[in-house]
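[1] sequence plus predicted model, see below.
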Amino acid sequence: MSERIFCTVITKNYLAYARTLAETLSEHHSDSKLYVLIVDRIEEYFQPEAELFEVIRFEDLPDQKTIEQMCFYYTPLELCCALRGMLHEYIVEHTNAESWIFLDCDIMVCSSLEPLFEALSETSILLTPHCSVPLPVKDAEHELNILMHGLSNAGFLGLRRTEQTREFLAWWKDRLKYYCFLDSALGDPRGLSVDQRWLNLVFLYFPDFKFVKHPGANIGHWNFYERKFQYGAEGKILVNGQPVLFLHFSGWDIDNPDYVSKHSPLYQEKDTSPWTEFARSYREKLLKNGYEETKQFPYTFATFHDRTPITQVMRRGYYDELKQGTAIANSPFDQPEHFRSKRYSLNSTHFLQEEVRIAYEQVIQLQQEKHHIYLTLEQAQTTLEQKEATLQQLQTALVEVQQNAEKERTRSRQIIETMENSIFWKMRDAWWRIKRKLGQAEVKLIEKE
């Protein structure tokens with residue numbers, strides 16, 4: 001069996017997810033190789049050579065000028081999706097793989113994926129549909145979400161080295177360079193859902209495709225209601241009577257592992273099926289692979305080079321200028337003042353809300369700074385008053401000491417005067433005068449002798 005090739009894409013704060021994907025892949029495909037495209041600057045946050053996967057740096061991709069522009073006008077999620085076409089072309093050009101599979105980083109592999117490679121041997125493009133069983137009309141909102149986000153889930157994509165695959169990648173890559181926005185989250189009526197809705201056109205443009213029919217593939221909130229988890233004869237968890245191939249934890253919360261996803265209204269309660277064993281195992285693996293540390297890694301393209309933040313309004317404004325041919329020629333990351341000085345007119349309520357939110361946050365920050373200054377002034381005033389009170393106390397104490405010293409001197413003088421005026425003192429003086437005279441007489445007698 002030839003080496004199995006897999007690939008994914010992350011920003012570096014998703015490193016624990018890539019590690020977990022690599023770990024679970026190696027458990028079921030010891031001969032596999034996972035390529036991970038890092039759409040971020042690695043810097044010194046981790047050592048690529050120490051990982052279980054092969055790192056592809058985004059700097060190694062062609063057309064760096066366009067990629068720099070994409071890094072500015074796309075959000076992290078959008079950028080990860082937008083570079084998938086280039087990632088697949090990298091696999092084509094740098095490996096000898098006849099077929100390979102893309103998996104989102106938030107996937108846990110639970111069994112061998114050979115059934116998928118077998119299906120891929122008969123087609124150029126292998127997709128997983130979001131769902132295949134109709135819901136009651138009361139749950140039509142779930143289906144509306146699927147219509148909004150795409151019929152296939154782009155977290156899985158199997159490709160085989162064929163001419164149609166090359167045509168598909170060239171077409172998809174060009175679309176994703178400029179049209180990979182998450183419009184659905186912004187209220188933008190254009191309705192893009194990153195790379196995913198583009199896959200709807202595969203059915204029309206590229207007929208050499210197939211849908212995965214295995215119930216154990218790409219299990220997520222989109223098809224969870226179709227899947228029945230139960231224990232098999234040997235205690236292994238099965239889904240619809242088949243092995244669980246891989247689970248996709250989209251919208252899943254590591255702090256609430258028994259809830260399927262936040263992305264669908266179908267799953268508001270804790271799940272009680274054997275699926276929870278997978279979810280808890282996935283949580284343990286993520287934590288073991290450095291989740292708490294790596295989630296703090298900063299995203300390089302969140303800020304200008306001077307470390308000031310890039311807003312979503314700036315990103316979309318720059319994109320519009322590129323389309324109009326009026327964008328600045330230099331790197332946008334070097335031009336914070338240019339973007340801060342502009343007032344973009346964007347036809348979206350979301351962007352108005354975004355500007356209001358940013359302004360509100362700035363007001364809150366200024367209020368907090370003002371409050372902090374007031375507190376500091378109050379503390380300084382209190383400290384000054386305390387020091388003045390202490391100084392006053394010291395001055396009062398010094399005066400008291402001086403007064404007491406003067407009293408002691410006066411008392412000593414009075415005692416001396418009293419003693420000098422007393423009969424005892426006068427008799428004492430007379431006695432010493434007599435002694436001195438007697439002493440002089442004795443000296444004279446001695447001299448005569």
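    It's in. Residues are numbered from 1 along each chain as shown.
[2] now do the strand or helix carrying Lys437, average pLDDT.
    Here Lys437, judged by DSSP states H and E, is contained in helix 423-448. Per-region confidence: helix 423-448 scores 66 on mean pLDDT.
[3] quick one: low-confidence parts of this protein?
    1-2, 344-360, 362, 419, 425, 439-449 (pLDDT under 70).
[4] could you pull out the strands for the stretch 51-200 of the chain?
    54-57, 99-103, 107-109, 125-127, 156-160 (DSSP state E, counting those that start in this stretch).
[5] now render these as TSV, adding distance to Arg343 and mean neighbour count.
    For the C-beta atoms, the positions are set from N, CA and C on the backbone; glycine is no exception. Output for those, formatted as TSV (distance: least, Cβ to Cβ, whole Å; neighbours: other Cβ atoms under 10 Å):
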stretch	distance to Arg343	mean neighbour count
strand 54-57	36	17
strand 99-103	40	22
strand 107-109	42	24
strand 125-127	43	22
strand 156-160	40	23
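[6] okay if I get those strands as a markdown table plus distance to Lys437?
    Putting the strands of the stretch 51-200 of the chain into a markdown table (distance: least, Cβ to Cβ, whole Å) gives the following:
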| stretch | distance to Lys437 |
| --- | --- |
| strand 54-57 | 116 |
| strand 99-103 | 126 |
| strand 107-109 | 122 |
| strand 125-127 | 137 |
| strand 156-160 | 131 |
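[7] so which of those strands gets nearest Tyr319?
    Minimum separation from Tyr319 across the strands of the stretch 51-200 of the chain (Cβ to Cβ) falls at strand 54-57, 24.2 Å.
[8] packing partners of that closest one?
    For strand 54-57, the packing partners by 3 or more Cβ pairs under 8 Å, 6 or more residues apart in numbering; DSSP states H and E come out as strand 33-38.
[9] what comes into contact with the strand it packs on?
    3-12, 18, 21-22, 25, 51-58, 61, 83, 87, 90-91, 95, 105 (Cβ atoms under 8 Å, 6 or more residues apart in numbering).
[10] strands of the stretch 201-350 of the chain, residue ranges please.
    Counting by DSSP E, counting those that start in this stretch, the strands of the stretch 201-350 of the chain are 209-211, 229-231, 237-239, 242-243, 246-248.
[11] Tyr267 is in contact with His221, correct?
    Yes. Assessed by Cβ atoms under 8 Å, His221 is found in contact with Tyr267 at 6.3 Å.
[12] list the contacts for the nearest residue to Gly220 once chain neighbours are set aside?
    Nearest non-adjacent residue to Gly220, counting by Cβ to Cβ, 6 or more residues apart in numbering: His248, 3.8 Å away. By Cβ under 8 Å, 6+ apart, His248 lies in contact with 104, 106-107, 153, 155-156, 218-220.
[13] cool, and Lys210?
    119, 122-123, 125-127.
[14] okay, those in TSV with distance to Glu143 next?
    Shown next, in TSV, are these (distance: Cβ to Cβ, whole Å):
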residue	distance to Glu143
Ala119	26
Glu122	30
Thr123	26
Ile125	24
Leu126	23
Leu127	18
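[15] which strands or helices does the lengthiest helix in the chain pack on?
    Assignment by DSSP state H gives helix 349-421 as the longest helix of the chain. Taking 3+ Cβ pairs under 8 Å, 6+ apart as contact, the helices and strands that helix 349-421 lies on are helix 312-324.
[16] what are the buried residues along the helix it packs on?
    In terms of neighbour count (16 or more other Cβ atoms under 10 Å), helix 312-324 has its buried residues at 312-322.
[17] packing partners for it?
    Judged by 3+ Cβ pairs under 8 Å, 6+ apart, the packing partners of helix 312-324 are helix 64-73, helix 336-340, helix 349-421.
[18] what's the most buried one of these?
    Comparing the helices and strands packed on helix 312-324 by mean neighbour count (mean count of other Cβ atoms under 10 Å), helix 64-73 ranks first with a mean of 18.
[19] what's the offset of that one from the middle of its chain?
    Centre-to-centre, helix 64-73 and its host chain are 21 Å apart (Cα atoms, centre = their mean, to the nearest Å).
[20] stretch 121-132 now?
    33 Å.
[21] and it, how far apart are its ends?
    Taking Cα to Cα, to the nearest Å, stretch 121-132 runs 23 Å from one end to the other.
[22] so for it, what gets flagged as buried?
    Across stretch 121-132, burial judged by 16+ other Cβ under 10 Å covers 123-131.
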